[in-house]
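Trainee: After the sequence you'll find the predicted model.
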Amino acid sequence: MDFRFLGETFMTLLAALPLTLYLALVSSICGALGALVLALMRLSSARPLSLIARAYVFVFRGTPLLIQLFLIYYGLGQFRPSLQMLGLWPFFRDPIYCTIAALAMNTAAYGSEIVRGGLAAVPRGAVEAAIACGMSPGLRFRRVVLPLATRIALPAYGNELIVMVKATSLASTITIMEVTGIAGKLIAETYRTMEIFACAAAIYLLINFVLTRLVLTLEWWMSPDRTTRRVLEQIGETKVKVTA
């Protein structure tokens with residue numbers, strides 16, 4: 001085994017790491033916001049909103065991410081005149097933006113089910129206590145429901161974040177030179193598939209190791225005892241203000 005070549009390859013692939021992290025981070029943030037909106041639509045009493053959310057989740061969970069990426073990047077190019085008229089062409093002609101859009105829309109569908117489960121699992125007693133203290137619906141959601149739901153959904157959502165990091169490798173199929181894209185280029189030049197892909201796999205493994213540690217730390221910080229204590233403190237503060 002040529003350790004010198006492995007070291008050079010690893011350092012070359014590391015140069016593409018910032019782009020991979022950028023794709024994963026922006027997609028995850030946009031996807032998390034979309035997941036929350038979709039989950040609230042699913043739980044809404046307005047049937048049209050619920051049906052739209054159900055249809056969205058059905059389509060994006062039922063089709064491969066790679067096809068969704070191709071449809072956005074290659075497919076929407078057929079509607080260039082219309083996109084130019086709407087001022088959207090600069091966005092959809094850029095492979096990075098198309099990748100972020102595809103990843104965010106896909107993870108929003110999966111994440112919405114996780115978030116919906118977390119919201120549905122919030123103890124009814126905590127909500128009733130917040131209502132008894134006179135909290136408005138918005139304040140109740142922000143201070144009681146969302147923190148508890150986040151703690152419940154966090155372990156499952158951590159898995160979705162890991163999937164998103166690995167899914168960024170699909171960006172190489174539309175000319176983006178992130179870690180997998182650079183790996184493919186090196187293989188075409190050297191024909192040393194095993195060593196190069198082993199280095200790429202090691203980088204993804206390192207990213208996900210750090211990510212899992214961060215999620216575990218967040219789980220500890222949001223442990224049931226700590227979360228319940230913070231929520232009760234917030235309810236108590238609100239009650240004091242209402243009484244005053």
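Mentor: That came through fine. Numbers count the residues shown, from 1 in each chain.
Trainee: From now on I want contacts and neighbour counts done on CA atoms only, so please keep to that.
Mentor: OK.
Trainee: So which bits of the longest helix belonging to the chain are buried?
Mentor: Across the chain, the longest stretch assigned as helix under DSSP state H is helix 193-221. Neighbour-count burial for helix 193-221, with 16 or more other CA atoms under 10 Å as criterion, is recorded at 195-197, 199-200, 203-204, 207-208, 211-212, 215, 219.
Trainee: Report the mean per-residue pLDDT for it.
Mentor: For helix 193-221, the mean pLDDT works out to 92.
Trainee: Check which helices and strands that helix sits against.
Mentor: Other helices and strands packing on helix 193-221, by 3 or more CA pairs under 8 Å, 6 or more residues apart in numbering; DSSP states H and E, are helix 3-14, helix 146-167, helix 179-190.
Trainee: what residue is smack in the middle of this structure?
Mentor: residue 28 (2.7 Å; CA atoms, centre = their mean).
Trainee: That residue and residue 38, how far apart?
Mentor: 15 Å (CA to CA, to the nearest Å).
Trainee: do the same with residue 76
Mentor: Distance from residue 76 to residue 38, by CA to CA: 24 Å.
Trainee: From residue 91, how far out is the nearest residue to residue 19 once chain neighbours are set aside?
Mentor: Nearest non-adjacent residue to residue 19, counting by CA to CA, 6 or more residues apart in numbering: residue 178, 5.8 Å away. According to CA to CA, residue 178 stands 19 Å off from residue 91.
Trainee: Out of those two, name the residue with the larger neighbour count.
Mentor: It is residue 178, of residue 178 and residue 91, that has more neighbours when counted by other CA atoms under 10 Å, with 25 against 14.
Trainee: For that one, which residues are in contact?
Mentor: Counting by CA atoms under 8 Å, 6 or more residues apart in numbering, residue 178 makes contact with 16, 17, 19, 20, 169, 171, 172.
Trainee: so what's the fifth one closest to, chain neighbours aside?
Mentor: The shortest distance from residue 169 to any residue other than its chain neighbours is 5.4 Å, reached at residue 180 (CA to CA, 6+ apart).
Trainee: I figured that neighbour hits residue 200, correct?
Mentor: Yes. If you go by CA atoms under 8 Å, residue 180 and residue 200 touch, sitting 6.7 Å apart.
Trainee: what residue ranges in the chain score low on pLDDT?
Mentor: The chain contains residues with pLDDT under 70 at 1, 224-244.
Trainee: can you rerun that using 90?
Mentor: 1-6, 44-45, 76-83, 86-93, 120-152, 155, 175, 216-244 (pLDDT under 90).
Trainee: I'd like the distance between residue 64 and residue 188.
Mentor: 27 Å.
Trainee: now swap in residue 176 and tell me
Mentor: Going from residue 176 to residue 188 by CA to CA gives 16 Å.
Trainee: Residue 40 too?
Mentor: Remark: distance between residue 40 and residue 188 (CA to CA) = 47 Å.
Trainee: Who has more neighbours out of those two?
Mentor: Ranked by neighbour count (other CA under 10 Å), residue 40 and residue 188 place residue 40 first, with 18 against 11.
Trainee: In terms of helices and strands, where is the more buried one?
Mentor: helix 17-43 (DSSP states H and E).
Trainee: in the helix or strand that comes right after that helix, what counts as buried?
Mentor: Using DSSP H and E, the helix or strand that follows helix 17-43 in sequence is helix 47-62. Neighbour counts using 16+ other CA under 10 Å place 49, 50, 53, 54, 56, 57, 60 of helix 47-62 among the buried residues.
Trainee: any idea of the angle helix 47-62 forms with helix 17-43?
Mentor: Angle, helix 47-62 to helix 17-43, by axes from the mean of the first three to the mean of the last three CA atoms, to 10 degrees: 140 degrees.
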